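Chemist: Give me coordinates for this.
(2 chains)
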Protein chains: 2
Amino acid sequence: MVRISAIHAGEVSPGLVRCSGWVKTHRQSKNVSFIELTDGSSVAGVQLVLDPKLSSYASVAGEISTGASITCEGELRASPGKGQKFEIEVSSLSLIGSADQEQYPLQKKGHSLEFLREHLHLRSRSNTIGAVLRVRSELSFAVHEFFRDRGFLYLHSPIISTSDCEGAGEVFRVTTLPIEDPSFSGKGIDYQQDFFGEKAGLTVSGQLQAEAVALSHTNCYTFGPTFRSENSNTTRHLAEFWMIEPEMAFCALEGNIAVAQDFVQYLAKSVLERCHDDIAFLSKRDWVKYDLEELIRHVGESDYEVLDYGEAIAALEGASRSFEFPVQWGMDLQAEHERYLTEEHVKKPVFVVNYPAAIKAFYMRSRDDEPETVSAMDLLVPRLGELIGGSQREERLDRLTARMEEMGLSLEEYSWYLDLRRYGSVPHSGFGLGFERLLMYFTGMQNIRDVIAFPRYPGHAKG
Amino acid sequence: MVRISAIHAGEVSPGLVRCSGWVKTHRQSKNVSFIELTDGSSVAGVQLVLDPKLSSYASVAGEISTGASITCEGELRASPGKGQKFEIEVSSLSLIGSADQEQYPLQKKGHSLEFLREHLHLRSRSNTIGAVLRVRSELSFAVHEFFRDRGFLYLHSPIISTSDCEGAGEVFRVTTLPIEDPSFSGKGIDYQQDFFGEKAGLTVSGQLQAEAVALSHTNCYTFGPTFRSENSNTTRHLAEFWMIEPEMAFCALEGNIAVAQDFVQYLAKSVLERCHDDIAFLSKRDWVKYDLEELIRHVGESDYEVLDYGEAIAALEGASRSFEFPVQWGMDLQAEHERYLTEEHVKKPVFVVNYPAAIKAFYMRSRDDEPETVSAMDLLVPRLGELIGGSQREERLDRLTARMEEMGLSLEEYSWYLDLRRYGSVPHSGFGLGFERLLMYFTGMQNIRDVIAFPRYPGHAKG
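Modeler: Numbers count the residues shown, from 1 in each chain, chains lettered A, B, ... in the order given. The predicted model follows:
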């Protein structure tokens, strides 16, 4: 069986071929019929040319409609028609499974992304979602390739955990307690009776565990699902999303910045090279009102700037435009500020570094010369804002415990994490990149629910 | 900074190098001192040779003990000593982080795996777990490579789901309901108020979703965490484990068998080639009482047999030995039967196919000629038993709904899954391989808790 992507790539010699797939369109006329067949290997299908009198075709022609599955044999040849290089002159055809046009939710006319979201199990058949999933798959591989080439260990960090890395409290509870039992009551809840013997939830980050492994294997990364139970019905939030979190021992903030830039540039170049047809297709969607390929190329090729948080605040204060959120030292940057910095101020991707400690997580390293700030970095990119957040970690036991006590965190609960500072501690750094955010950026999709096959968000965990 | 694996691979030219890592051992004598330094990149550390009078060393020598982190510079050269090709004659050394010998749980003498399991955050520093994690990382990459080379789409199947694929009921509940609230009662539980608007849990398999995507992209696979809340305290069960599940459209059981054999052989060859030193080290552990490398080689190179379930039963009935579980047609094969078949009967890996429908899942394809059996396959391998389970899926809507009704499954709940048979249905097949089972097989580890960095099992979700 020949894959259609191989035909488009010119890897299949003209001659007899066998193809299987699903019908995109079927046009019948008196002398010749055409079927556009897809097998999901590329955004463009292959054109089948049929003689209406061909008996294996004529007997089922009425059932060959959008979504039906067929297998055919025929002669692959250069196409005289416009719009495709190759076509198959079919010599025999079998209908495998029909798709009743009265019932089949996906018609050839195409559907809104909102409509497709209500049919998750079928929407990978649409051109747009089909292309996005191919990009997602290719980029996943590029992620692994990048880190493996650089000697990073791939760590499967745990999904179920008793630690809440960000302390944000947006953790899904995981339980086998008989909460449906009519006699179950929150009054007598006893986590010792639960499966894990204590309160457990879904991880919000693999960072803390990645730190443990960086302190044995020097460089490691996670790439796995993470969770937030935030009740956000926006185009930018998912309850379940995939994160990439590298962690590097013997590495200060500068090294962290260098790896982050290399990483994003590697992925940008990879996606343009390996997903060219899909990106070209996606860049022409209605909702992409800018040059998508140029944007990716820019991120792949430009030299990124580094801006101190203080410089960033000064630049925002000096801006000739006004912001919704007033600018002052100590504030967290809002999307409008981030986009101004990267799009108008430096006009390229920019790392903002050395944020105020007060707005950052407990594990970030205090800066000796400016102790009210920490060695944090956020990568801001045009049209999106924050793509990566990272930091050098506080490796000094006394500073870390002082900071945790200040923030009211339990030293007991984090005792294992503190051990990493007690025994063979080293300067180390890492960052996190939300894979779906990157995919939105590279595919031009506007809603995060459309860059993962089965999105999870409030009210939605079916299929 | 030079990685120690690069030194061992001969990729670093003799001359001045800079190395960082953790101390394995430190031997001092009057004229010369030795440190074995590791950075986690290989099972063997590098030997540092030190002049006790070197001032940067002498001033900290007392604190250089197992687990301490150091950075050094020195001359890389061929080693005159036995046991290593290279050594570094140190010209300067810095102690980065000490590891108080009174307190540090890991001593140079080594520790039992049981002891290490109580220190998950430190155990990746041990030679054994360190090696296992490297093998895990390399094999993960090989998995992606295998499928990508063959045009399979990598699918991130959902973790939180309302479907229970196997219908086994061993699902962890995921909730944001205020179950700790004293006024919360199971009597009034209302899943409409829960985050996802209905009862949701952690996935036990990505297969059903993979089927949906196979019906758009032809070939896809999942590789992600799956969960079982089975209260099993054994060496073979985890609550959280990683599964690989390929799914192929236009593919019957024979094609499924061919891919499964190719896959296992590819991984066996990869692990021997790419993890040679780690496998050689692991094969010498006390608990490995057989030739590990020979076993992997056998699985990588032998031609696998295919045995009908009926033939398997006949072979078991004809065996000259007795079994704990009596043999009769219709029974599920127990470990003792599986091992007899692969180790004694065929003496190589063997696919047992065409099992009785009654002992298999609802989605397996009924065989036309023997309707009491289904097109299922299990791959059995010597010393382990079942490594892979798979089947051709029932693609015929009428057969599938009849079977589901027979088994009391809700057609309404699986309505989306049935749609895959309503619209463009095709013959399709797939299988599942538990990644930790494979890792145990290839590393010789005897307890599944030792082949994943942070194992989750009853009473254990910390760190």
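Chemist: Point out where the stretch 101-250 of chain A drops to low pLDDT.
Modeler: Counting by pLDDT under 70, the ranges of the stretch 101-250 of chain A that qualify are A:164-169.
Chemist: mind redoing it with 90?
Modeler: Where the stretch 101-250 of chain A drops to pLDDT under 90, the residues are A:107-110, A:162-170, A:188, A:232.
Chemist: for the stretch 301-450 of chain A, same thing?
Modeler: Within the stretch 301-450 of chain A, the stretches with pLDDT under 90 are A:413.
Chemist: and it, which residues reach chain B?
Modeler: A:395, A:416-417, A:419-427 (C-beta under 8 Å from any C-beta of the partner chain). To be clear about C-beta, it is placed using only N, CA and C from the backbone, and glycine gets the same treatment.
Chemist: For those, which single residue is the most surrounded?
Modeler: When neighbours are counted by other C-beta atoms under 10 Å in any protein chain shown, A:Gly424 leads those with 27 neighbours.
Chemist: Next up, the contacts around the nearest residue to that one once chain neighbours are set aside.
Modeler: Once flanking residues are discounted, A:Gly424 sits nearest to B:Ser69: 4.2 Å by C-beta to C-beta, 6 or more residues apart in numbering or on different chains. For B:Ser69, the contacting residues are A:424-426, B:20-23, B:95-97, B:99, by C-beta atoms under 8 Å, 6 or more residues apart in numbering or on different chains.
Chemist: and with 10 Å instead?
Modeler: A:215, A:249-250, A:395, A:423-427, B:20-23, B:37, B:39, B:94-99 (C-beta atoms under 10 Å, 6 or more residues apart in numbering or on different chains).
Chemist: contacting residues for the nearest residue in space to A:Arg77 that is not next to it in sequence?
Modeler: Spatial nearest neighbour of A:Arg77, chain neighbours left out: A:Pro14 (5.4 Å); criterion: C-beta to C-beta, 6+ apart. Under the criterion of C-beta under 10 Å, 6+ apart, the contact list for A:Pro14 reads A:75-78, A:86.
Chemist: Among the contacts of B:Ser69, which lie within helices?
Modeler: Of those, the ones assigned to helices by DSSP state H are A:Leu215.
Chemist: Make TSV out of the contacts of A:Pro14 and add neighbour count.
Modeler: Output for the contacts of A:Pro14, formatted as TSV (neighbours: other C-beta atoms under 10 Å in any protein chain shown):
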residue	neighbour count
A:Glu75	14
A:Leu76	19
A:Arg77	14
A:Ala78	9
A:Phe86	17
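Chemist: a markdown table for these, including pLDDT and secondary structure?
Modeler: A markdown table is the format used below for the contacts of A:Pro14 (pLDDT from 0 to 100; DSSP: H, G, I helix; E, B strand; the rest coil):
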| residue | pLDDT | secondary structure |
| --- | --- | --- |
| A:Glu75 | 98 | strand |
| A:Leu76 | 98 | strand |
| A:Arg77 | 96 | strand |
| A:Ala78 | 94 | strand |
| A:Phe86 | 94 | strand |
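Chemist: could the residues you listed go into CSV alongside distance to B:Lys462?
Modeler: Shown next, in CSV, are the contacts of A:Pro14 (distance: C-beta to C-beta, whole Å):
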residue, distance to B:Lys462
A:Glu75, 64
A:Leu76, 59
A:Arg77, 64
A:Ala78, 64
A:Phe86, 58
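Chemist: Looking at those residues, which is nearest B:Arg150?
Modeler: A:Leu76 (21.0 Å; C-beta to C-beta).
Chemist: before we move on, the earlier item: show me which pair in the residues of the stretch 301-450 of chain A next to chain B is furthest apart.
Modeler: Spanning the widest gap among those are A:Trp416 and A:Pro427, at 19.8 Å by C-beta to C-beta.
Chemist: Return the distance of the residue nearest to A:Gly424 relative to A:Ala212.
Modeler: According to C-beta to C-beta, to the nearest Å, B:Ser69 and A:Ala212 sit 14 Å apart.
Chemist: circling back: now the residue nearest to A:Gly424. Its backbone dihedrals?
Modeler: B:Ser69 adopts backbone torsions of phi -100, psi 140, taken as degrees, to the nearest 10.
Chemist: ok, now A:Gly310?
Modeler: A:Gly310 has phi and psi values of phi -60, psi -40 when expressed as degrees, to the nearest 10.
Chemist: which residues does it contact?
Modeler: So A:Gly310 contacts A:329, A:352-356, A:370, A:373 (C-beta under 10 Å, 6+ apart).
Chemist: tell me what the helix or strand containing A:Ile7 is packed against?
Modeler: In this assignment (DSSP states H and E), A:Ile7 forms part of helix A:4-8. With contacts taken as 3 or more C-beta pairs under 10 Å, 6 or more residues apart in numbering or on different chains; DSSP states H and E, helix A:4-8 sits against strand A:15-28, strand A:46-50, strand A:86-97.
Chemist: Out of the ones you listed, which is the most enclosed?
Modeler: Of all the helices and strands packed on helix A:4-8, strand A:46-50 has the most neighbours on average by mean count of other C-beta atoms under 10 Å in any protein chain shown, namely a mean of 23.
Chemist: List the contacts of the residue lying farthest from the centre of chain A.
Modeler: Distance from the C-alpha centroid of chain A, by C-alpha atoms, centre = their mean, peaks at A:Lys53 (48.1 Å). By C-beta under 10 Å, 6+ apart, the contact list for A:Lys53 reads A:Asn31.
Chemist: Got the domain ranges for chain A?
Modeler: A:4-104, A:123-450 (automatic domain parsing).
Chemist: In the stretch 301-450 of chain A, what residue spans correspond to helices?
Modeler: For the stretch 301-450 of chain A, applying DSSP state H, counting those that start in this stretch gives helices covering A:309-317, A:335-339, A:397-406, A:415-422, A:435-443.
Chemist: Among these, which comes closest to B:Ala319?
Modeler: Using C-beta to C-beta, the nearest of the helices of the stretch 301-450 of chain A to B:Ala319 is helix A:415-422, at 49.8 Å.
Chemist: Number of residues surrounding A:Ser415?
Modeler: 13.
Chemist: just to revisit the earlier point, okay, the helices of the stretch 301-450 of chain A in a markdown table with distance to B:Ala361 next?
Modeler: Converted to a markdown table, these look like this (distance: least, C-beta to C-beta, whole Å):
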| stretch | distance to B:Ala361 |
| --- | --- |
| helix A:309-317 | 56 |
| helix A:335-339 | 47 |
| helix A:397-406 | 48 |
| helix A:415-422 | 39 |
| helix A:435-443 | 31 |
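Chemist: among those helices, which is the most enclosed?
Modeler: Of all those, as judged by average neighbours under mean count of other C-beta under 10 Å, the leader is helix A:435-443 with a mean of 23.
Chemist: Not counting sequence-adjacent ones, nearest residue to A:Gly451?
Modeler: If you look again at residue A:451, you'll see it is Val, not Gly. Once flanking residues are discounted, A:Val451 sits nearest to A:Leu439: 4.0 Å by C-beta to C-beta, 6+ apart.
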